[in-house]
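# Dropping the sequence and predicted coords here.
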Amino acid sequence: MHHPDRTRGIPRAVALHYSVAPAVPASAEDGVVEVVAAEALVPASVAEIEQLTGVRIRVSGVSREGYQARLAQVYGIGAAAIEEDRASPPPGEAILPPEAGVVRFVDEIIAEAVRRGATDLHLEPSVDGLRIRLRVDGLLQAVQAPHDLTAHDRRIVARIKVMAGLDSTPSTTPRDGAIRRDGRDLRISVLPTAAGEAVHVRILPQWGDFPTVEELGVSPDRGRMLRNLMRMRSGLVVACGPTGSGKSTTLHVLLRTGVPSTEKVITVEDPVEFRIPEAVQVEVSPVLTFADALRAVLRHDPDVILVGEMRDAESARIALQASLTGHLVLTSLHTDDEAQAITRLLTLGMDRPLLAAALRALISQRLVRRGCRACQGTGFSHSSQCEVCRGSGYRGRVGLFRVTMVRALVRQMIEGGSPEEEIREHMDSAGEPSLHAQARRMADEGMTTEAEIARVMGLSMP
Ligand SMILES: [Zn+2]
């Protein structure tokens with residue numbers, strides 16, 4: 001939101017007209033406000049500004065880019081764009097024509113989301129007006145928007161709907177659409193709420209942006225292990241972890257770097273997240289269930305099948321059968337760890353001996369925010385002035401992985417009905433270090449903080 005202190009008594013209209021903006025820090029010592037100007041100011045203009053605002057100013061020059069950045073900081077992103085529409089009439093009853101200012105504003109917000117590396121853009125109507133937030137590295141951050149955005153709420157939402165190929169008139173039912181922009185796919189969903197329409201924009205990475213197995217940040221050993229997994233000609237591979245732990249990304253990385261072009265890949269997803277050039281992708285819907293889709297997929301001669309998420313008994317049964325008859329089946333499960341994943345598969349009705357025979361590997365993972373290298377160790381620890389991390393103290397995420405190959409002992413445990421806790425103890429003692437232990441080491445090495453580890457692991461570290 002607009003921050004009155006930041007303007008130092010210089011209204012946005014004046015700032016835009018003279019191409020000036022309060023400097024950083026906007027100190028007002030001796031009653032004189034420091035301002036930056038993108039163009040040389042003649043003394044007459046300085047006098048005009050002082051007369052208009054009643055503020056005495058001292059001017060220093062700045063680049064055009066620096067000026068734009070400062071303008072956005074003080075008056076909000078897209079402030080200049082919204083300004084263009086100031087003189088326009090109030091929103092009409094039904095049809096909201098997208099105007100040049102709103103069009104540019106939406107472009108700027110999307111560009112800013114991409115610049116910050118956001119995965120999601122949220123426009124949330126409330127009694128206080130439209131709130132704009134971005135999800136960066138897994139957490140929401142507010143976008144400073146112009147303070148008089150409220151007058152344009154409905155036009156902004158209408159503009160995004162038009163871009164997504166939807167009818168711009170307010171709808172009483174949820175709507176989904178898509179935008180392809182600068183080679184990037186954006187998935188739009190619109191939800192009618194008590195305060196107006198809420199918009200969620202998912203910013204999908206490009207297929208080419210996916211890292212290779214090695215670039216995931218795994219050790220060379222683990223990288224080899226993962227590549228070997230993809231050379232298996234049958235079996236079930238499960239990625240597990242909570243929402244936002246990167247399961248789906250990992251499965252796509254395996255497909256991208258592990259599957260030779262001589263193999264046929266089919267995915268069944270709800271919805272299709274990333275477009276994979278080399279794969280046949282099926283989206284489930286109210287009229288095409290996971291189970292129906294899987295049955296049909298098996299008649300298309302696949303070598304590798306990705307099942308977005310294993311949710312119901314019937315698709316679990318079909319997937320298990322497929323994995324035992326010459327297909328490599330990759331899937332994800334929303335569980336805390338590998339042992340719980342096994343319990344879940346059994347709960348879905350998988351037969352113990354068949355699961356023991358089919359299960360090849362389990363990948364357990366989390367994403368941890370990495371400490372910002374720009375401001376950590378510079379003395380002013382994650383300062384709110386840091387441009388790189390925007391004062392959060394974190395920049396980018398790194399994955400924690402444990403790959404558990406299912407060998408004789410685990411197979412016996414599954415088949416013999418060992419309790420979950422026993423399987424977990426065995427995996428922790430015999431396999432790779434637990435995610436907790438790996439997280440602990442990351443914090444010790446200063447790559448991240450104790451607080452971040454506690455957040456991701458859902459506990460307080462000893
Ligand atoms: Zn920083």
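Perfect, thanks for sending it.
# tell me the domain ranges of the protein?
The record's domain split for the chain, according to automatic domain parsing, is 4-75, 87-204, 208-457.
# can I get those domains in TSV with mean neighbour count, mean pLDDT and distance to the ion?
Quick note: C-beta positions are derived from backbone N, CA and C, even for glycine. TSV is the format used below for the domains of the chain (neighbours: other CB atoms under 10 Å; pLDDT from 0 to 100; distance: least, CB to the ion, whole Å):
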stretch	mean neighbour count	mean pLDDT	distance to the ion
domain 4-75	16	80	16
domain 87-204	17	83	12
domain 208-457	18	90	3
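# Please report phi then psi for the most centrally placed residue in the chain.
In the chain, the C-alpha closest to the average C-alpha coordinate belongs to Thr119, at a distance of 2.5 Å (CA atoms, centre = their mean). Backbone torsions of Thr119, given as degrees, to the nearest 10, read phi -100, psi -20.
# and His252, how far is that from Pro192?
As judged by CB to CB, to the nearest Å, His252 and Pro192 stand 32 Å apart.
# hmm, back to that, what separates the closest residue to the residue nearest to the centre of the chain other than its chain neighbours from Cys240, distance-wise?
Nearest residue to Thr119 in three dimensions, chain neighbours excluded: Arg135, at 5.3 Å (CB to CB, 6 or more residues apart in numbering). Distance, Arg135 to Cys240, using CB to CB: 22 Å.
# repeat for Gly391
33 Å.
# ok, then the element right after the longest helix belonging to the chain?
Within the chain, and with DSSP state H defining each element, the longest helix by residue count is helix 100-115. As assigned by DSSP states H and E, the chain's next helix or strand after helix 100-115 is strand 120-126.
# can you give me the offset of that next one from its chain's centre?
Between the centre of strand 120-126 and the centre of its chain there are 14 Å (CA atoms, centre = their mean, to the nearest Å).
# Contacts for that strand, please.
Outside of strand 120-126, the residues within contact range by CB atoms under 8 Å, 6 or more residues apart in numbering are 109-110, 113, 130-135, 140, 153, 156-157, 160, 193, 195-203.
# what's the angle between that strand and helix 100-115?
130 degrees (axes from the mean of the first three to the mean of the last three CA atoms, to 10 degrees).
# What is the helix or strand just after strand 120-126 packed up against?
Following strand 120-126 in sequence order, the next helix or strand is strand 129-136 (DSSP H and E). Strand 129-136 makes packing contacts with helix 100-115, strand 120-126, strand 139-142, helix 153-163 when contacts are defined by 3 or more CB pairs under 8 Å, 6 or more residues apart in numbering; DSSP states H and E.
# So which residues of the stretch 301-450 of the chain form helices?
When secondary structure is read from DSSP state H, counting those that start in this stretch, the stretch 301-450 of the chain shows helices at 313-323, 338-347, 352-358, 408-416, 420-430, 435-444, 450-457.
# looking at those, which is closest to Glu215?
For Glu215, the closest of the helices of the stretch 301-450 of the chain is helix 435-444, at 17.6 Å, according to CB to CB.
# Just the C-alpha atoms of that closest one, please, in PDB.
Taking C-alpha atoms only, helix 435-444 is exported to PDB below (Å, rounded to 0.1, in the frame of the first residue of the first chain):
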ATOM      1  CA  LEU A 435      16.100 -34.900   6.000                       C
ATOM      2  CA  HIS A 436      16.300 -33.600   9.600                       C
ATOM      3  CA  ALA A 437      20.000 -34.400   9.800                       C
ATOM      4  CA  GLN A 438      20.600 -32.800   6.400                       C
ATOM      5  CA  ALA A 439      18.700 -29.700   7.400                       C
ATOM      6  CA  ARG A 440      20.700 -29.500  10.600                       C
ATOM      7  CA  ARG A 441      24.000 -29.700   8.600                       C
ATOM      8  CA  MET A 442      22.700 -26.900   6.300                       C
ATOM      9  CA  ALA A 443      22.100 -24.600   9.200                       C
ATOM     10  CA  ASP A 444      25.400 -25.500  10.800                       C
END
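# what's that helix in contact with?
Contacts made with helix 435-444 from outside it, assessed by CB under 8 Å, 6+ apart, are listed as 337, 364-366, 368, 398, 400, 402, 433, 448-450, 452-453, 456-457, 461.
# hmm, back to that, looking at the sheet around the residue nearest to Thr119, what are its partners?
For Arg135, the beta-bridge partners under DSSP bridges are Asp120, Leu140.
# show me the contacts for it.
Contacts were defined as CB under 8 Å, 6+ apart; by that measure Arg135 touches Ala118, Thr119, Asp120, Leu121, His122, Gln141.
# and of these, the nearest to Gly165?
Proximity of the contacts of Arg135 to Gly165 was ranked by CB to CB; the top entry is Leu121 with 17.5 Å.
# Now for the residue lying closest to that closest one once chain neighbours are set aside, which secondary structure element holds it?
For Leu121, ignoring the flanking residues on the chain, the nearest one in space by CB to CB, 6+ apart is Val201 at 4.0 Å. Secondary structure here is read from DSSP H and E; on that basis Val201 sits in strand 196-204.
# This completes my enquiry, with thanks.
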